[in-house]
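Asks: Following is a predicted model, sequence given first.
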Amino acid sequence: MPEERIRIPRRRLIEIDNMSRSLSAVLPVHAFNTARAENFLIAVEKMRSENFGNGVTALLAYIVTKALELHPEMHRTVDGEEFIIKSDVNLGIAVSGPDGSLSVPVLHGAQQFSIRELAMKIDELAAKSRAQKLDPSDVKYGSFAISNMGRTMRGGQGAGILPLGYSGMIASGSVIDVPVVDDGKVVPGKELPLTLTFDHRVANGIAAWRFYADVVKGIEEIVV
């Protein structure tokens, strides 16, 4: 049968190389969960009403950052027989490019920003990424990542590959309608699918689940 060959874009080649090297270097574990999303959706709508269009990612970035401050072991790294402890939360934001490539620009010191400041900085980084204008410093020193897959997965859940050098990642799907039990009664509810991927060298399952529980709590109780 006839076939066509096209050259793989350079950014995609870099992505493939980084992910291949990451898989050979880490011990990835995937954990799946959901969070009640009624308060989260209210917060998203409020962000949109204030013209912060990237509300979902900004809220997730804020919640994950706060959880990482409580559980610093989830964004440390391993060097030989030593842990490297990070004083700042350097949060990677997965951004898809128009050519199908994936980049992970980094919000350095994410713990110092408000939700609205995070929204603006995420928009700036995403625009630079899609225009292929990221500086080398924009993609260095990330330790934990988030990926908002809700626009494409439509209720699904997926487990990602950790970017090279990262300790963990939270991926979110899109909010889904589900039956839930409130006060012993089955009622309509909203849930946000989540996937935690982490390097088992930096944290065991107990530590990871404690962190995960705080992420879920943050989503369920968020108020802006």
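Replies: Structure received.
Asks: just checking, what packs against the longest strand seen in the chain?
Replies: Longest strand in the chain, counting residues (DSSP state E): strand 185-199. When contacts are defined as 3 or more Cβ pairs under 8 Å, 6 or more residues apart in numbering; DSSP states H and E, strand 185-199 sits against strand 28-36, helix 38-49, strand 168-172, strand 176-182, helix 205-221. Bear in mind the C-beta positions are built from the backbone N, C-alpha and C, glycine included.
Asks: Of all the residues in that strand, which ones are buried?
Replies: 190-199 (16 or more other Cβ atoms under 10 Å).
Asks: Same check on stretch 82-90?
Replies: Buried, per 16+ other Cβ under 10 Å, within stretch 82-90: 86, 89-90.
Asks: Over to stretch 29-48?
Replies: Quick answer for stretch 29-48 (16+ other Cβ under 10 Å): 29, 33-37, 39-40, 43-44, 47.
Asks: likewise stretch 101-110?
Replies: 101-108, 110.
Asks: so which of the buried residues of stretch 29-48 comes closest to Ala127?
Replies: Met47 (17.7 Å; Cβ to Cβ).
Asks: My read is that that closest one contacts Leu59, right?
Replies: Yes: using Cβ atoms under 8 Å, Met47 is in contact with Leu59, at 7.1 Å.
Asks: Let me know the closest of the buried residues of strand 185-199 to His71.
Replies: Using Cβ to Cβ, the buried residues of strand 185-199 come closest to His71 at Phe198, 10.7 Å.
Asks: That closest one pairs with what?
Replies: When bridges are called by DSSP bridges, Phe198 pairs up with Val29, Gly168.
Asks: and it, how far is that from Ile42?
Replies: Applying Cβ to Cβ, to the nearest Å, the value for Phe198 to Ile42 is 29 Å.
Asks: center of the chain, which residue is that?
Replies: Nearest residue to the geometric centre of the chain (Cα atoms, centre = their mean): Ile146, 0.9 Å.
Asks: per-residue confidence averaged over the strand or helix carrying Asp123?
Replies: Using DSSP states H and E, Asp123 maps to helix 115-130. Taken as a whole, helix 115-130 carries a mean pLDDT of 94.
Asks: Run through the chain and note the low-pLDDT ranges.
Replies: 1, 150-156 (pLDDT under 70).
Asks: How much space separates the closest residue to Pro105 other than its chain neighbours from Glu117?
Replies: Spatial nearest neighbour of Pro105, chain neighbours left out: Leu125 (4.1 Å); criterion: Cβ to Cβ, 6 or more residues apart in numbering. Computed as Cβ to Cβ, the Leu125 to Glu117 distance reads 13 Å.
Asks: Compare neighbour counts for the two and give me the winner.
Replies: Set Leu125 next to Glu117 and count neighbours by other Cβ atoms under 10 Å: Leu125 wins out with 21 against 15.
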